[in-house]
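Enquirer: got a predicted structure plus its sequence, pasted below:
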Amino acid sequence: MLLRQVAMVSESKQTPLSKLGRVSAALQKQAIRDLGPVWDINSTVDAFATLEDVPVGYWPIIIRDDINTPGAAGVHEDNSGQPFALVHAADGWSLTASHELIEMLVDPFGNRLTAGQSPKPGQGRVEFLVEPCDPSEATQFAYSINGVSVSDFYTPKYFSTVANPADQYSHTGAIKAPRQVLRGGYLSWHDPVTDHWFQETFFDGSKSKFRDLGKFTVKAGKSLRRQVYDVTQMAFEARRPDPAQQRTQSALAATSEQSTNAKAQAWRLQIAQIVKGR
């Protein structure tokens, strides 16, 4: 199985290497334990102090104070056609980094499509853009690894034609049926009959809505994912934790930090005993 290697680098003063290391460790666990077995992906996630430290062959996720798109993030392609991601160093950035990591691993180049039945009445078989975090990307559907908030994601069963109570449609179980879009999320697809792109979005109101995005043209340096992002800026707001969620996440992180600090003190004591020859 091909090994995909991801590097995390912070160029933000708000995100020192110690904090970056904790998040990268959580994302490494998510990639290996949760995502890999379901999507058949073998990957590593490592933190580096600078971009200059990143070995050739790694795909970087770069945390910055300014990415020229407030609140947004996304996977891009470098001059060699290889993916890299920019993440805004704002509240909840670990959730965004997890989202971008999963997209990078499952769909590195932003053009992966899979066929299925359209959720829009009157349409038949369409081509869905495979973006596993989009339908349940809002903070209320996130989960925690080592006190770090990470994104829910759908499984390949998400595109099943018929619902099966035995199937798991997203990692947390928040998605209960094939092609379901939860509040704060969206789903994008191409209709071969009209050659138009469509979305089901759930950004406001009491139920989801359908949008006709029209035709997408081939653009140099812009994948289908980037073109979808360009017309779906509201989605990034869903990843920002509200004050109550922020307090919950902070409390969870503080509890986790207490445990890790206690373990560190125990290690230091044992090291001191070894050094003294006891």
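Expert: Here it is on my side, so go on. The structure displayed is predicted, hence computed values, not measured ones. Residues are numbered from 1 along each chain as shown.
Enquirer: output the lowest mean pLDDT helix or strand found in the chain.
Expert: When the helices and strands of the chain are scored by mean pLDDT, DSSP states H and E, helix 243-275 comes last with a mean of 69.
Enquirer: where does this protein dip in pLDDT?
Expert: Across the chain, the ranges flagged by pLDDT under 70 are 69-73, 219-221, 233-257, 260, 278.
Enquirer: if we use 90, what do you get?
Expert: 1-2, 66-82, 90-92, 161, 204, 217-223, 225-278 (pLDDT under 90).
Enquirer: you'd agree residue 30 is in a helix?
Expert: Yes. Applying DSSP: H, G, I helix; E, B strand; the rest coil, one finds residue 30 inside a helix.
Enquirer: quick one, what contacts it?
Expert: 98, 101, 102, 145, 150 (Cβ atoms under 8 Å, 6 or more residues apart in numbering). Bear in mind the C-beta positions are built from the backbone N, C-alpha and C, glycine included.
Enquirer: swap in 7 Å and give it another go.
Expert: Going by Cβ atoms under 7 Å, 6 or more residues apart in numbering, residue 30 touches 98, 145, 150.
Enquirer: just the closest of those to residue 258, please.
Expert: Among the contacts of residue 30, residue 145 lies closest to residue 258 (Cβ to Cβ), at 16.6 Å.
Enquirer: picking that back up, top of the contacts of residue 30 by number of neighbours, please.
Expert: residue 98 (30 neighbours; other Cβ atoms under 10 Å).
Enquirer: element containing that residue?
Expert: Secondary structure from DSSP states H and E places residue 98 in helix 93-106.
Enquirer: quick one: contacts of that helix?
Expert: So helix 93-106 is contacted by 4, 6, 23, 27, 30-31, 35, 39, 41, 43, 45, 59, 61, 63, 73-75, 83, 85, 87, 130-133, 137, 139, 142, 148-151, 153, 239 (Cβ under 7 Å, 6+ apart).
Enquirer: residue 50 touches residue 8, doesn't it?
Expert: No. Counting by Cβ atoms under 7 Å, residue 8 is not a contact partner of residue 50; they are 11.6 Å apart.
Enquirer: state the distance from residue 179 to residue 52.
Expert: 44 Å (Cβ to Cβ, to the nearest Å).
Enquirer: of the two, who's got more company?
Expert: Higher neighbour count among residue 179 and residue 52: residue 179, with 21 against 7, using other Cβ under 10 Å.
Enquirer: I figured that one hits residue 118, correct?
Expert: No. With contacts counted by Cβ under 7 Å, residue 179 stays clear of residue 118, the gap being 8.5 Å.
Enquirer: now do the strands in the stretch 151-278 of the chain.
Expert: For the stretch 151-278 of the chain, applying DSSP state E, counting those that start in this stretch gives strands covering 186-191, 196-201, 209-214.
Enquirer: okay, those in TSV with distance to residue 168 next?
Expert: Shown next, in TSV, are these (distance: least, Cβ to Cβ, whole Å):
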stretch	distance to residue 168
strand 186-191	18
strand 196-201	21
strand 209-214	26
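Enquirer: compare these and give me the one nearest residue 262.
Expert: Going by Cβ to Cβ, the one of these nearest residue 262 is strand 186-191, 41.9 Å.
Enquirer: look up how far residue 185 lies from the residue nearest to the spatial centre of the chain.
Expert: By Cα atoms, centre = their mean, the chain has its centre lying nearest to residue 99, at 0.8 Å. Using Cβ to Cβ, one obtains 11 Å as the distance from residue 99 to residue 185.
Enquirer: residues shared between the contacts of the two?
Expert: By Cβ under 7 Å, 6+ apart, the residues touching both residue 99 and residue 185 are residue 137.
Enquirer: apart from its neighbours in sequence, what residue is nearest residue 120?
Expert: residue 210 (5.2 Å; Cβ to Cβ, 6 or more residues apart in numbering).
Enquirer: cool, and residue 54?
Expert: Per Cβ to Cβ, 6+ apart, closest to residue 54 is residue 7, 4.4 Å.
Enquirer: did I read that right, that neighbour in a strand?
Expert: Yes. Per three-state DSSP, residue 7 lies within a strand segment.
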